[in-house]
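1. structure here, sequence nowhere to be found:
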DNA sequence: AATTCGGGGCC
DNA sequence: GGCCCAGAATT
């Protein structure tokens, strides 16, 4: 074999390898394309026969879609359904929502959590009335400009209500995509969501954006569930790389959240007497921060640092809070202890109970040396309502009937409902 | 990019 | 008891 022949041979060889590489690449591409087309096709077929009958799916009213999507943020479908029905009954149109008192809107949200969602929802309704004649806009920038509407919700409204081929990537979608395409990026990172949003438009079949995005989430909710996905009945299991590689239980990859920091709180349920008979003292939280603007029983941060565990010091501090309001009361006794976990804080709430004493009785008791009248306010100007315009903090004596109009977070809602129901559970 | 916003259901 | 959920706003 001459040198030239050898070179030709080598050239042919490398050309053949090159052809084969291209063929493989093409097959890979074809497989990838078929895998995508298969995914979209089978997912839609499955959705058409399996979709749930949900209240907001009975009409394609952008207002209903919008309200449902806000409620569904970090919240399960089963939890949302009764809230959605009550909300739409109370506020049937965007204009009704825009014109309602804010307390009514928050009251309808009571127990759902993330209460800024309710305030933002109403603020956005007012935006829509002012800027869009009370009708939900269908342009991306206008939808995105609404308060409380981020990348997911904007995409959900545009695709579900207006059938626009926009991505609506939530936790469900990231879980499904990470398994089907075996994507090992950390879904806790924003850039992973952005990358997945880029994948969506080419997966959406022509004219089926609304159904496709809902189908993706429906699959995540019903089949491709977090812990043990139901691969055997999954409509796209044949080409799911996560399942094929045996990785379905390891995906998606998500860095762990920190656990909530513990906080001890000491609260008081003060029963009114005299003109406050049958009422209970409550306080409205500042309009920013945790549980902003919600009502609660008065409470303080208890035992931190060196004084941890010294209930006496905590009680003294709690009493000072009431004295500042010009109040007097009979001795406090343990009432109950409740736990409550937020996403970033864990409360252990000890609640004491006491009965209001009129100023006169308190004075008399003090003068006569009766031991249980523990506080005599110097400047007793106990008004029924005290409002701090600066912070939004407010105090009020409320009756059982007031429970129907002012909004409490679940922790206090449960305590007060039990109290007004007449149960007397003591520690 | 990290933290702050609730609450409940499930394993 | 940890994890997750049809996330957005703020820092």
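-> Received it, and whenever you're ready, just let me know what you need. Values in this document were obtained by computation on a predicted structure and should not be read as measured data.

2. make it CA atoms for all contacts and neighbour counts henceforth
-> Noted.

3. next, the closest residue to residue A:276 other than its chain neighbours: phi, psi?
-> Distances taken as C-alpha to C-alpha, 6 or more residues apart in numbering place residue A:397 nearest to residue A:276, at 6.8 Å, with adjacent residues excluded. As for residue A:397, its main-chain torsions (degrees, to the nearest 10) stand at phi -90, psi 120.

4. show the pLDDT at residue A:397.
-> For residue A:397, the model assigns a pLDDT of 96.

5. beta partners for it?
-> With DSSP bridges as the criterion, residue A:397 is bridged to residue A:281.

6. look at it and say how many residues are nearby.
-> Applying other C-alpha atoms under 10 Å, we find 20 residues neighbouring residue A:397.

7. same deal with the one 4 residues further on?
-> The local packing of residue A:401 (other C-alpha under 10 Å) involves 10 other residues.

8. so how far is DNA strand B from the residue nearest to residue A:276?
-> Separation of residue A:397 from DNA strand B (C-alpha to the nearest atom of the strand, to the nearest Å): 21 Å.

9. could you do residue A:271 as well?
-> In terms of C-alpha to the nearest atom of the strand, residue A:271 sits 23 Å off from DNA strand B.

10. ok, the residue nearest to residue A:276 touching residue A:280?
-> Yes. Residue A:397 lies in contact with residue A:280 (C-alpha atoms under 8 Å); the separation is 5.2 Å.

11. mind listing the shared neighbours of these two?
-> Residues touching both residue A:397 and residue A:280 by C-alpha atoms under 8 Å, 6 or more residues apart in numbering: residue A:272.

12. kindly check the end-to-end length of stretch A:330-344 for me.
-> Criterion C-alpha to C-alpha, to the nearest Å; first-to-last residue distance in stretch A:330-344 is 36 Å.

13. next one: stretch A:131-143
-> Start-to-end span of stretch A:131-143 (C-alpha to C-alpha) is 11 Å.

14. ok, now stretch A:100-119?
-> Using C-alpha to C-alpha, one end of stretch A:100-119 lies 11 Å from the other.

15. is it anywhere near DNA strand B?
-> Yes. Judged by C-alpha under 7 Å from any atom of the strand, stretch A:100-119 comes into contact with DNA strand B through A:110, A:111, A:112, A:113, A:114, A:115, A:116.

16. give the contact list for the first one.
-> Read that as residue A:110. By C-alpha under 8 Å, 6+ apart, the contact set of residue A:110 is A:407, A:408, A:409, A:410.

17. mind listing the strands in chain A by residue range?
-> A:261-271, A:280-284, A:295-296, A:299-301, A:333-341, A:345-355, A:385-387, A:394-398 (DSSP state E).

18. confidence-wise, which of those strands is weakest overall?
-> Mean pLDDT, when computed for each of those, is lowest for strand A:385-387, at a mean of 72.

19. want to throw the residues of stretch A:100-119 next to DNA strand B into CSV with pLDDT?
-> Shown next, in CSV, are those (pLDDT from 0 to 100):
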residue, pLDDT
A:110, 97
A:111, 96
A:112, 97
A:113, 97
A:114, 97
A:115, 97
A:116, 97
